[in-house]
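Asks: Need coordinates for the following:
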Amino acid sequence: MPAQLFQADPVAVRNEIGKERLIALWRQMLTIRRFEERAELAYKAKQIAGFLHLYIGQEAVATGWYAHLNPGVDASVTSYRCHAQAILSGVGVDELMAELYGKATGNVKGKGGSMHFFSKEKKMLGGHGIVGGQIPVGTGAALSAKYLKTGGVSITFFGDGATPQGTFHESLNMASLWGLPAIYMIENNQYGMGTACHRSNAVESLAEAKAVGYGMKSYTFDGLDLFSSWKCAQEAIAYVRRESKPILVEAKTYRYRGHSVSDAGLYRSKEEVERYKELDPIGRVQKALQDAGWLSDAEVEAIEEEVRERIAACARFAEESPEPALSELSTHVYA
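Replies: Modelled structure (predicted):
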């Protein structure tokens, strides 16, 4: 059975967010999109090595939830598709782009690359390259918040392909037993690498069906709609703070690119991708802003140009930054 989607009146939520905050959220989503597009170009030009997993199409999910997190108090952790979470945590795009280029000015000194953005200061506990490997980390962050009585919560992002992993089930069981303020966010973009979700999971409703086994509350929302994401986050995070109990959340979303940039995505049709592109979360927010009379065509163009220039500048910063010294090869590797 399909899950009951979290219901949010888009006009009411738009008005609750308000003009200035909504423009700021739209700008964040646009920044993520342009950052990812610039990274894709650099990867294809062989300026970036390794793997590159883009968040294009999924921007509404993390943007809606980070809007309700307390910086420096709440912790977040994610998978190798980690660029958006780092940007939303407040890490600068200069150091993030430089990290993609493997430069000394990078977020982790050029040693992590695309899959391992990290900030102790921002409590962004990293992108993780092992499927499901970040879920115990997020559980540990929630345990820390409860033990130290910080009032914080942790949010752990992972894909639908991680839900059959043992780390997922062990973490949820532990969090429920110990009453941890943990949010487990399934970003169901319909495919785990090249395998459709319905071929790898025995249930259609990942959050609703799997939360029951651990006595947890669950939410399922439209991850292509910022208003549903924002409102669901508001209610769910308030519940976790108040009750100090974990929740399992599923965002029904979609990625417009392949699993990674090197993935041709031949396992899905062009028609399917185009159908989802008609639901582009960024375009929907822009339309809502313009329908409300909160942004004119000229203002849209000006903001888009400003964001493009900012991303172009961060790419120049990355290109002009120095390579790490060979003496750095073993720094931070051995204690």
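Asks: Tally up the residues packed near the closest residue to Arg21 other than its chain neighbours, please.
Replies: Nearest non-adjacent residue to Arg21, counting by CB to CB, 6 or more residues apart in numbering: Ala67, 7.8 Å away. C-beta coordinates here come from the backbone N, C-alpha and C atoms, glycine included. By other CB atoms under 10 Å, 19 other residues sit near Ala67.
Asks: so is Tyr184 in a helix, a strand, or just coil?
Replies: Here Tyr184 is strand, with the state taken from DSSP: H, G, I helix; E, B strand; the rest coil.
Asks: Which residue, neighbours along the chain excluded, lies closest to Pro2?
Replies: If the residues on either side of it in the chain are set aside, Pro2 comes closest to Glu204, at 5.5 Å by CB to CB, 6+ apart.
Asks: Report the rounded mean pLDDT for the helix or strand hosting Ala60.
Replies: Using DSSP states H and E, the element containing Ala60 is helix 59-66. The average pLDDT within helix 59-66 is 98.
Asks: swap in stretch 109-129?
Replies: On average, stretch 109-129 scores 96.
Asks: Would you indicate which residues of it are buried?
Replies: Residues 109-119, 122-129 are the ones in stretch 109-129 that count as buried (16 or more other CB atoms under 10 Å).
Asks: taking those one by one, which sit in strands?
Replies: Using DSSP state E, the members of the buried residues of stretch 109-129 that fall within strands are Met124, Leu125, Gly126, Gly127, His128.
Asks: can you give me how far stretch 238-251 is from the chain middle?
Replies: On the basis of CA atoms, centre = their mean, to the nearest Å, stretch 238-251 sits 17 Å off its chain's mean C-alpha point.
Asks: One more: stretch 314-330?
Replies: Counting by CA atoms, centre = their mean, stretch 314-330 comes out at 26 Å from the chain centroid.
Asks: Quick one: mean pLDDT over that stretch.
Replies: 95.
Asks: Begin at 56 from now on, thanks
Replies: OK, 56 is where the count begins now, so the last one is stretch 369-385.
Asks: distance between the ends of that stretch?
Replies: Start and end residues of stretch 369-385 are separated by 27 Å (CA to CA, to the nearest Å).
Asks: try stretch 338-354
Replies: Taking CA to CA as the criterion, the two ends of stretch 338-354 lie 15 Å apart.
Asks: ok, and what's touching stretch 147-157?
Replies: With contacts defined as CB atoms under 8 Å, 6 or more residues apart in numbering, stretch 147-157 is touched by 86, 90, 93-94, 97, 102-104, 107, 138, 141-142, 159-163, 165, 167-169, 172, 365-366, 368-370, 372-374, 376, 378-379.
Asks: In the protein, what residue spans correspond to strands?
Replies: Ranges of strands in the chain, per DSSP E, are 130-134, 179-183, 209-214, 237-243, 246-247, 250-251, 272-277, 302-307.
Asks: Could you double-check that the residue nearest to Pro57 sits in contact with Gln245?
Replies: No. Using CB atoms under 8 Å, Glu259 is not in contact with Gln245; the gap is 11.6 Å.
Asks: More neighbours: which of these two?
Replies: When neighbours are counted by other CB under 10 Å, Gln245 comes out ahead of the other of Glu259 and Gln245, with 16 against 12.
Asks: any idea where the helices of the stretch 106-255 of the chain begin and end?
Replies: Here the stretch 106-255 of the chain has its helices, by DSSP state H, counting those that start in this stretch, at 114-121, 138-144, 148-155, 190-203, 221-233, 252-255.
Asks: Closest one to Val267 out of the ones in strands among the buried residues of stretch 164-184, please.
Replies: His183 (26.7 Å; CB to CB).
Asks: Not including adjacent chain positions, what is the nearest residue to the closest one?
Replies: Nearest to His183 is Gln189, by CB to CB, 6+ apart, at 3.9 Å.
Asks: which ones are touching that neighbour?
Replies: Counted by CB under 8 Å, 6+ apart, Gln189 has contacts Val132, Thr133, Ser134, Leu180, Gly181, Gly182, His183, Thr211, Phe212, Phe213.
Asks: Tell me how far the closest residue to the fifth one other than its chain neighbours lies from Val163.
Replies: Okay, so that is Gly181. Distances taken as CB to CB, 6+ apart put Phe173 closest to Gly181, at 4.2 Å, once the chain neighbours are dropped. Separation of Phe173 from Val163 (CB to CB, to the nearest Å): 6 Å.
Asks: Can you tell me what sits against stretch 221-231?
Replies: Where contact means CB under 8 Å, 6+ apart, the residues beyond stretch 221-231 that reach it are 187-188, 190-191, 193-194, 197, 213, 217, 235, 237, 239, 265-266, 268-271, 300-301, 303.
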